[in-house]
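**Q** Predicted model and sequence follow; I will ask about them next.
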There are 2 protein chains.
Amino acid sequence: MTNTCKKSYFELTKKWQRVAVLSDAIAMLSWDRQAIMPSGSGSARAEQIAILSVLKHEEITDPLTLELIDKADKAELDDIEQKNLFEIRRIYRHAAALSPKLVEEHSRACAACEGQWQLARKENNFQVVAGSLGEVVNLTQQIAAIKAETFKSNSYDSLLDEYEPGGSSTQIDAIFALLEPALQKLLPEVIEYQADIDFPTYSTPVPIQAQKSLGQIIMKALGFDFLKGRLDTSVHPFSGGTPDDVRITTRYNENDWTGSLMGVIHETGHALYEQGLPSRWRGQPVGSARGMVVHESQSLLMEMQVCRSLEFFKFLAPIIAKEFMVRGDQWKADELSKNSKRVIPNFIRVDADEITYPLHIILRYKLEKALMRDDLSVPDLPDAWNEAFESSFGTRPSDDLQGCLQDIHWYDGAFGYFPTYTLGALAAAQLFSAARKDHPELLAQISKGHFSTLLSWLRKNVHSIGSALSTEEILIKATGSSLSTTAFLAHLNSRYLGKA
Amino acid sequence: MTNTCKKSYFELTKKWQRVAVLSDAIAMLSWDRQAIMPSGSGSARAEQIAILSVLKHEEITDPLTLELIDKADKAELDDIEQKNLFEIRRIYRHAAALSPKLVEEHSRACAACEGQWQLARKENNFQVVAGSLGEVVNLTQQIAAIKAETFKSNSYDSLLDEYEPGGSSTQIDAIFALLEPALQKLLPEVIEYQADIDFPTYSTPVPIQAQKSLGQIIMKALGFDFLKGRLDTSVHPFSGGTPDDVRITTRYNENDWTGSLMGVIHETGHALYEQGLPSRWRGQPVGSARGMVVHESQSLLMEMQVCRSLEFFKFLAPIIAKEFMVRGDQWKADELSKNSKRVIPNFIRVDADEITYPLHIILRYKLEKALMRDDLSVPDLPDAWNEAFESSFGTRPSDDLQGCLQDIHWYDGAFGYFPTYTLGALAAAQLFSAARKDHPELLAQISKGHFSTLLSWLRKNVHSIGSALSTEEILIKATGSSLSTTAFLAHLNSRYLGKA
């Protein structure tokens, strides 16, 4: 009996290799679409990705899957196998919970809504997309209700679970209840503190080839393996591909060299996580990235903790001087560092600094919960947004392009995704603080361009774990405490107000 | 009843969309591997492609497929639908004929043999690969026997059918029996004719960027649609991707600009065929390329018929002068044309000129038939090769690198593929001759860089037909006669001996 059950477990892992390969194919075709595909091939590519997604869904929801899961449950499994089985069952339940009809309706509604959103942005008129968004909200509510029933959770958490397995709105509420007032107190202090600072300016255009070369040098220094990955160009920077072939992108603007560099560093953080996942569990859920919070913690750890430190700029300054062939005070480490700290409240999330970014997220988190609970109706969204923004930032968006039309997420059906950005930022601060405690020499090493101690620490405490532990377990094991605002707020106070 | 059957036909076409998307994914991942994949991702990519191939094979051989085929057979289908069903059944029978065990054994034997072949080439020792090749030959014979039974054909033809549907060794024997002595008579005449010709030399290196730019200009002129395709670089030039996103490659050498250009032109011929396939039958066998003979006819028509004509060089010469920034007599149209005609017998097929190339093919065709029939044993292959070469070319290879170790095909399991190269060359000459008959102004247009009449003729007579007609039917409809040596030999006599 046990033997048969163990055999079922292995059959299940073989099945999951097929699921993984379909995911890989979708990932590579998506990367290709965004990075290098000729413009006229879009509709054929969309059709390919749609059909591969159906094949993947069928492979997961195949009745044999549940049969194998139930048999494997009775087998003698080691710890990792048990965790793998747990994740497989979670993925199966997410996929099997919904009827193919509902999945198709939802995916069609999202595609239509995304199109209307583009139009609404062009016409700067929310009403153009209100109907479509209402349809998406309605179908998402249905999905959330069914999944809440399946997972015995509340409906928002059942959406969150797709991006952040085990994530809980109760925990997020508690964290955001501390974070929001702290940031609202900090923000005017920082603005006042910075009022007298003379920030450097960078008016000389930097050739794109020099920016590319700098990006590659920094990627290599941070530990990116170019034998198993590439750097390319796309409209929006992203990290794609597969763990054995990580493809990151950035965008270049001759008048904004920091944009391409910080894009590269952010995506390199994601990439190092993927490249460090345990290859012995490749293709299995237990060997995959934990979720969006840990993923974002890795990109933000590199971008915000490591590569905006004064020590990093000490390493960077001479490389910039050489690669950009520039000289002058503004290119010295102190000035580069100062430039990286500028805080200017902004209506647009993606242009936000480190302090106001979480306020953008908290606003969206509250609104999307209200939308899901029907406490807010779609037609009322613009007003609700603008009021919330005014109460948080003290200014009101002049139109919906500056307000509720700015992000694609909701229009594309992604509800439950936004909070992972800020949870990731908190986790990044907490992990980096723990790494510095374990290795007091870490920042000194960074100033010399030595990143191997840091990378080894991340490999051991985060990357190599894959999904063998939960996000909470990873954080507790690595930092001694569960996710909190402490390290993040200490980081902000230290960086932006010079408080130890 | 008829309605149910018609419904089955449509279900079958929907199933084939899935097969097509799996083929597309395999094609894109293969292109990526050869053109841009980081070197360390090879084994993961091989695994992805292997699993996608299994998924495709399962989708085709699914018991439902045969059920749908048999029901659709009773439906009222129009002509195109009938032809599509015929092709679907052919593909199904090829896939279903073999047990999964035999397919796996064969694919593993080929992979192992390819590895041994690399080693044998390194050590210049056929014995290193003799055992592996024996295994491949043995399994290929088994496959051929099973397929011959399935298709009620002879075993060689059943292998040929995978590359050239409906191809027949009886026809090939008849054609080669005329072609071989004609070429053996022609070759010494041409060598003697060329003995006194003063061929130009090109000793100045041409920068790769200039070669790329020239390639793109010529691709555009010939009609390649860059909105639905790309030009990249790879070790061996090839044409890949999908009809909506054709990816061609070439290789560059500063000291051999003709190599990259002729590579680009050859692959552009393949690409124009793919881009011209009927989009309304996309994903269906009837909408796909007919087979290797027609495909090769399209690449060779461009490379050998169109772009080695004096008229083409008249168009090319001023572009080269500008792009390469060169001047001198050797860059004039007459000299460029002369340079393209040089005939030098060579031990290596891929370096062969237009006259000796078919002799290389005929040699391989005879030997692979003998191997399949057990008239030749693998250990005797090197001697048999060298004797055949000597009797055809008058010289004997000094080692097996110059002989039976030069091509990957057999070691990779491709038996029945070689003759399609030469049948393609004959078809190219025949089609171009017919196009010129239909449009006497064609060459004059080409000298001005106007290729639209030619492309329209190819679109109408070849590309848009897809697989709705057989190779023979396509040729007869377009040229008035079935495949023969007439146009090809006339072309050689005209180009190489100046005979009308």
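**A** All right, it came through fine.

**Q** and the host helix or strand of residue A:382, what's its mean pLDDT?
**A** Following DSSP states H and E, the helix or strand that holds residue A:382 is helix A:381-393. Across helix A:381-393, the average pLDDT comes to 96.

**Q** and it, how far out from the chain's middle?
**A** 24 Å (C-alpha atoms, centre = their mean, to the nearest Å).

**Q** Next, the buried residues of that helix.
**A** Applying a neighbour-count criterion of 16 or more other C-beta atoms under 10 Å in any protein chain shown, one finds A:381-382, A:384-386, A:388-389, A:392-393 buried in helix A:381-393. Every C-beta, even on glycine, is put in place using the N, C-alpha and C of the backbone.

**Q** now swap in stretch A:219-232 and tell me
**A** Neighbour-count burial for stretch A:219-232 [16+ other C-beta under 10 Å]: A:219, A:221-225, A:228-232.

**Q** mind saving the C-alpha coords of that stretch as CSV?
**A** Only the C-alpha atoms of stretch A:219-232 are listed here, as CSV (Å, rounded to 0.1, in the frame of the first residue of the first chain):
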residue,chain,number,x,y,z
MET,A,219,24.8,42.8,-12.4
LYS,A,220,28.1,40.8,-12.5
ALA,A,221,29.3,42.4,-9.3
LEU,A,222,26.0,41.6,-7.5
GLY,A,223,26.4,37.9,-8.6
PHE,A,224,24.1,37.6,-11.7
ASP,A,225,25.1,34.5,-13.7
PHE,A,226,25.3,35.5,-17.3
LEU,A,227,25.8,31.9,-18.3
LYS,A,228,22.1,31.4,-17.2
GLY,A,229,20.5,34.7,-18.0
ARG,A,230,20.4,37.8,-20.2
LEU,A,231,19.9,41.6,-19.9
ASP,A,232,17.7,43.1,-22.6
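
**Q** Show residues contacting that stretch.
**A** A:35-36, A:212, A:215-216, A:241, A:244-250, A:264-265, A:268, A:271-272, A:275, A:302, A:306, A:315, A:449, A:451-452, A:455, B:36, B:38-41 (C-beta atoms under 8 Å, 6 or more residues apart in numbering or on different chains).

**Q** Around chain B, which positions in chain A sit nearby?
**A** A:17-18, A:21-22, A:24-25, A:28-29, A:32, A:36-41, A:43-45, A:47-48, A:51-52, A:54-55, A:225-230, A:242, A:244-245, A:282 (C-beta under 8 Å from any C-beta of the partner chain).

**Q** Out of the residues you listed, which end up buried?
**A** A:18, A:21-22, A:24-25, A:28-29, A:32, A:36-38, A:41, A:44-45, A:47-48, A:51-52, A:54-55, A:225, A:228-230, A:242, A:244-245, A:282.

**Q** So which of those belong to strands?
**A** A:229-230, A:242, A:245 (DSSP state E).

**Q** So which of those is the closest to chain B?
**A** Nearest to chain B among these: residue A:245, at 3.9 Å, using C-beta to the nearest C-beta.

**Q** Return the residues in contact with that closest one.
**A** A:28, A:228-230, B:37-38, B:41, B:44-45.

**Q** So for residue A:326, what's the pLDDT?
**A** pLDDT, residue A:326: 96.

**Q** hang on, isn't it packed against residue A:319?
**A** No - the pair residue A:326 and residue A:319 does not pass the contact test of C-beta atoms under 8 Å, sitting 11.3 Å apart.

**Q** Now do stretch A:194-213: everything it contacts.
**A** A:231, A:252, A:254-255, A:257-258, A:260-261, A:323-326, A:329-330, A:335-336, A:338-339, A:341-343, A:496.

**Q** Give me the below-cutoff pLDDT ranges for chain A.
**A** A:1-2 (pLDDT under 70).

**Q** most centrally placed residue in it?
**A** residue A:296 (4.1 Å; C-alpha atoms, centre = their mean).

**Q** Next, the contact list for that residue, please.
**A** A:420-421, A:423-425, A:427-428.

**Q** Can you give the contact residues for the helix or strand where residue A:358 lies?
**A** Using DSSP H and E, residue A:358 maps to helix A:357-372. With contact meaning C-beta under 8 Å, 6+ apart, helix A:357-372 is reached by A:137, A:140-141, A:144, A:155-156, A:159, A:169, A:172, A:176, A:179-180, A:183-184, A:187, A:349, A:352, A:375-376, A:378, A:381, A:384-385, A:388-389, A:392-393, A:404, A:407, A:409-410, A:415-416, A:418-419, A:421-422, A:425.

**Q** thinking again about what came up before, neighbouring contacts of the helix holding residue A:382?
**A** A:126, A:130, A:133, A:180, A:184, A:345, A:347, A:356, A:359, A:362-363, A:366-367, A:370-371, A:376, A:395-397, A:400, A:403-404.

**Q** Put the buried members of those into a ChimeraX selection.
**A** Filtering those down to the buried ones (16+ other C-beta under 10 Å) takes a single ChimeraX command:
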select /A:126,130,133,180,345,347,356,359,362,363,366,367,370,371,376,397,400,403,404
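
**Q** In the stretch 351-500 of chain A, what residue comes closest to chain B?
**A** residue A:466 (16.1 Å).

**Q** who touches stretch A:120-136?
**A** A:106, A:109-110, A:112-113, A:116-117, A:119, A:378-379, A:381-382, A:399-401, A:404-405, A:410-411, A:413.

**Q** now these: which count as buried?
**A** Here, 16+ other C-beta under 10 Å leaves A:106, A:109-110, A:112-113, A:116-117, A:378, A:381-382, A:400-401, A:404-405, A:410-411, A:413 buried among the contacts of stretch A:120-136.

**Q** Enumerate every residue touching residue A:149.
**A** Contacts of residue A:149 (C-beta under 8 Å, 6+ apart): none.

**Q** What separation do you get for it and residue B:324?
**A** Here the distance between residue A:149 and residue B:324 works out to 70 Å (C-beta to C-beta, to the nearest Å).

**Q** Residue A:7 now?
**A** 66 Å.

**Q** Residue A:431 too?
**A** For residue A:431 relative to residue B:324 (C-beta to C-beta), the value is 56 Å.
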